[in-house]
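S.K.: Curious how this folds, go ahead:
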Amino acid sequence: MLNPHSDRVDYGHMLRAPAGFSLSYALATSFTLELDTLICLPLALCFDNTLEGELAGEKLALLEAIGQLNGRLKVFFQQGNIKIPLQFNRLFTLLEPCLAPVVPESAFASFHPKAWLLRFLGPGNEVAYRLIVLSRNLSFDRSWDLAVTLEGRVGSQVLAESDGLRELLAALKPGARDFARAFACFEKELPRVSWRKPLGFQSLKTLAGGPQSVPLELGGETSQVLVMSPFLDPKALDWIGKRGEKHWLLSRAEELDRIGAQALAQWRCFALSDRVVSGEDELDGARAQNLHAKLVAVQNGATTHWHVGSANATRAALGDGNVRPRNTEFMVRLTGRGEEVCIDRLLRELVGAEEKPPGIFVPHEFSEQAETEELLSDTERRKLEHALIKAPWKMTATLSGDGTYQCEVRCETVLPIPPACAVEVGQLASDAFVAFSPVMAWSGLALTQISAFLPIRVRADGAERPVIQLMLKAALAMPGGDGRVQKIMHELIDTPEKFLAYVRLLLLPDPEKAEWFDVDVGRGQGPGEESLNRLFDGPVFESLLRSAARQPEQIKRIDALLESLQAAKAPVPEDFARLWAHFRIYAQGKRR
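M.R.: Numbering: from 1, shown residues only. Alright, predicted model coming up:
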């Protein structure tokens, strides 16, 4: 069940709608996120496609997929924890309405859950749900992680399986008032959702963790305990280790060394193999990776409980029996009986036997860890980061007389900046950082360079690199209206050929991802007249009629495209404009 040679999953595949269904709403949570990752996931959510291939850049497929998700996707993440991208992408602007930042109550707490809740609609308005519980953040990080995918259907009986999920959603709801319709569906339907259990398990629970609750239910008596966690705290491990006679701990080598052999005397410790970490393992080629998976399994007799999700074996995530947890976490508890899910089976797959080890996790030989001197203490770092993400960052972009924009950022907060440190604030589309002050300004920005994402770095004397780098989402105001989306569409669909190719793809019943990627908007090249003639074999009028009758959503998308381009004063082919006059009333009537 956890054999890396046979039990791997594809992130894109997990997000694809079931056969005959389409996405209704998608809600995700993550501690950190990468915009380059998030911008690709709509391909799976909207186009029923996987995520292989070259996805970087400003692709027509990404533009359309993100547009389709408007109002249907919400991603909750810890404020400040957006990775600063290596390259600016105008399409990042389209992600802003999807993101809902969360600020922890204290500097020593984290918003840490990692999950997807997907609602699908099928024939006859049948509702299907999918819950994906992960240890992975929304990133292309190559670390080893765990995921549980659960398929659900709405029945008539009220069940307790989703109680922890409903508790998490109740805490998130105030932070996304524009997602109220989705939350209304979740509140009505989740109490009656029955989740299909993975093979070998007979029951499950969802568990929300926070100051009022521990995201584990370890049950009664225990014979064996297995913990897999990249980050450790000896007091949390002592609390878990009070139960059972056999204790197994799988972690990173450097983390085990940090805790030390004495504190882990009751645990048999294993570390991810150096061959795997360095990328020599045949499974992944030659790219570095490390452990990021979280699992707490307890066994008594034939019954085993697996806890999979976001929580590390730390006091911040689990408490220690006396001190309550600080983090917001989310776990799923799977309970099964028999050899298939027992701890011995897990150990055979991950550790192996002495005569035949699998080379994945190896017995750890402890060594002294060299102490490194930090320019900022952990307390100083946490307090400054929390002050930065808690502050009310307000951004205003104003049109200047020369057609460019002036961007003003206000943050009238006193920051606990340690001595010999300086805070600098930048703009995502440029390298122009300025010293932090109550009012900061940039001028000469193009409309499509304006972004609510605000990169911040903290420099310290004697350090070559910033000691803190983060990016948060600011509150953006644009007097006179926000025309960025229309302008981006105008710049990316900048030729009649691209416009007609875009319409043609919207009219196809099930366009392939490769067909969207054939139109390279990043290089300003369309498919050409000869190619367009081939694409439009058969009258466009008949295609529009067929879509109006069978797939009205396509007509709405074309109408929205025309409105955006016309708002940006972009040219629309005259022949198509005349043809569209026959459909505009129908399309707008359907949109009301």
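
S.K.: make it CA atoms for all contacts and neighbour counts henceforth
M.R.: Fine.

S.K.: buried stuff in stretch 90-103?
M.R.: For stretch 90-103, burial by neighbour count (16 or more other CA atoms under 10 Å) applies to 90-96, 98-103.

S.K.: From the chain's centroid, how far away is that stretch?
M.R.: 11 Å (CA atoms, centre = their mean, to the nearest Å).

S.K.: State the mean pLDDT of that stretch.
M.R.: On average, the pLDDT along stretch 90-103 is 96.

S.K.: which residues are in contact with that stretch?
M.R.: For stretch 90-103, contacts defined as CA atoms under 8 Å, 6 or more residues apart in numbering pick out 35, 39, 58, 62-63, 66-67, 70-71, 73-79, 111, 175-176, 389-390, 448-449, 451-452, 473, 484-485, 488.

S.K.: sec struct for Leu561, please.
M.R.: helix (DSSP: H, G, I helix; E, B strand; the rest coil).

S.K.: What count of nearby residues applies to it?
M.R.: Leu561 is flanked by 20 other residues according to other CA atoms under 10 Å.

S.K.: Now do the SS call for Leu237.
M.R.: Under three-state DSSP, Leu237 comes out as helix.

S.K.: contacting residues for the closest residue to it other than its chain neighbours?
M.R.: Distance criterion CA to CA, 6 or more residues apart in numbering; nearest residue to Leu237, sequence neighbours excluded, is Ala313 at 6.5 Å. The neighbourhood of Ala313, defined by CA under 8 Å, 6+ apart, consists of Val227, Ser229, Phe231, Leu232, Asp233, Ala236, Leu237.

S.K.: Of the residues you listed - the most surrounded one?
M.R.: Neighbour max across these (other CA under 10 Å) = Val227, 25 neighbours.

S.K.: Next, that one: phi, psi?
M.R.: Dihedral angles of Val227 (phi, psi; degrees, to the nearest 10) stand at phi -120, psi 130.

S.K.: OK, contacts around it?
M.R.: Trp248, Leu249, Leu250, Lys294, Leu295, Val296, Ala297, Ala313.

S.K.: Mind doing that once more with 7 Å?
M.R.: Trp248, Leu249, Leu250, Leu295, Val296, Ala297 (CA atoms under 7 Å, 6 or more residues apart in numbering).

S.K.: Compare the residues you listed and tell me which is most surrounded.
M.R.: Ranking the contacts of Val227 using other CA under 10 Å puts Leu250 first, with 27 neighbours.

S.K.: how far away is that residue from Asn300?
M.R.: 20 Å (CA to CA, to the nearest Å).

S.K.: which stretches of the stretch 351-500 of the chain aren't confidently modelled?
M.R.: Applying pLDDT under 70 to the stretch 351-500 of the chain flags residues 355.

S.K.: just the strands in it please.
M.R.: 361-363, 394-399, 405-410, 421-425, 434-435, 439-445, 453-460, 468-473, 475-477 (DSSP state E, counting those that start in this stretch).

S.K.: could I get those as a markdown table with mean neighbour count and distance to Ala567?
M.R.: Shown next, in a markdown table, are the strands of the stretch 351-500 of the chain (neighbours: other CA atoms under 10 Å; distance: least, CA to CA, whole Å):
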| stretch | mean neighbour count | distance to Ala567 |
| --- | --- | --- |
| strand 361-363 | 19 | 58 |
| strand 394-399 | 21 | 17 |
| strand 405-410 | 20 | 19 |
| strand 421-425 | 18 | 33 |
| strand 434-435 | 14 | 34 |
| strand 439-445 | 16 | 20 |
| strand 453-460 | 21 | 25 |
| strand 468-473 | 20 | 26 |
| strand 475-477 | 16 | 19 |
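
S.K.: mind giving me a markdown table with these and columns for distance to Glu189?
M.R.: Converted to a markdown table, the strands of the stretch 351-500 of the chain look like this (distance: least, CA to CA, whole Å):
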| stretch | distance to Glu189 |
| --- | --- |
| strand 361-363 | 42 |
| strand 394-399 | 37 |
| strand 405-410 | 42 |
| strand 421-425 | 44 |
| strand 434-435 | 49 |
| strand 439-445 | 46 |
| strand 453-460 | 34 |
| strand 468-473 | 32 |
| strand 475-477 | 33 |
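
S.K.: Select, out of the ones you listed, the one closest to Ala577.
M.R.: With CA to CA, the closest approach to Ala577 among the strands of the stretch 351-500 of the chain belongs to strand 394-399: 30.8 Å.

S.K.: which secondary structure elements does that closest one contact?
M.R.: For strand 394-399, the elements it packs on are strand 405-410, strand 475-477, judged by 3 or more CA pairs under 7 Å, 6 or more residues apart in numbering; DSSP states H and E.

S.K.: of all the ones you listed, which lies closest to Lys569?
M.R.: That would be strand 405-410 among those, by CA to CA, at 18.7 Å.

S.K.: Contacts for that closest one next, please.
M.R.: 393-400, 438-447.

S.K.: Turn the buried ones among the contacts of stretch 90-103 into a named PyMOL selection, would you?
M.R.: Those of the contacts of stretch 90-103 that count as buried under 16+ other CA under 10 Å are selected in PyMOL with:
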select buried, resi 35+39+58+62+63+66+67+71+73+74+75+76+77+78+79+111+176+389+390+448+449+451+452+473+484+485+488
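
S.K.: Among the contacts of stretch 90-103, which ones are in helices?
M.R.: Leu35, Leu62, Leu63, Ile66, Gly67, Ile389, Lys390, Arg484, Val485, Ile488 (DSSP state H).

S.K.: Can you name the helix or strand that Arg181 falls in?
M.R.: Secondary structure from DSSP states H and E places Arg181 in helix 180-189.

S.K.: That helix: which residues count as buried?
M.R.: Using 16+ other CA under 10 Å as the test for burial, helix 180-189 gives Ala182, Phe183, Phe186, Glu189.

S.K.: Lovely, talk soon.
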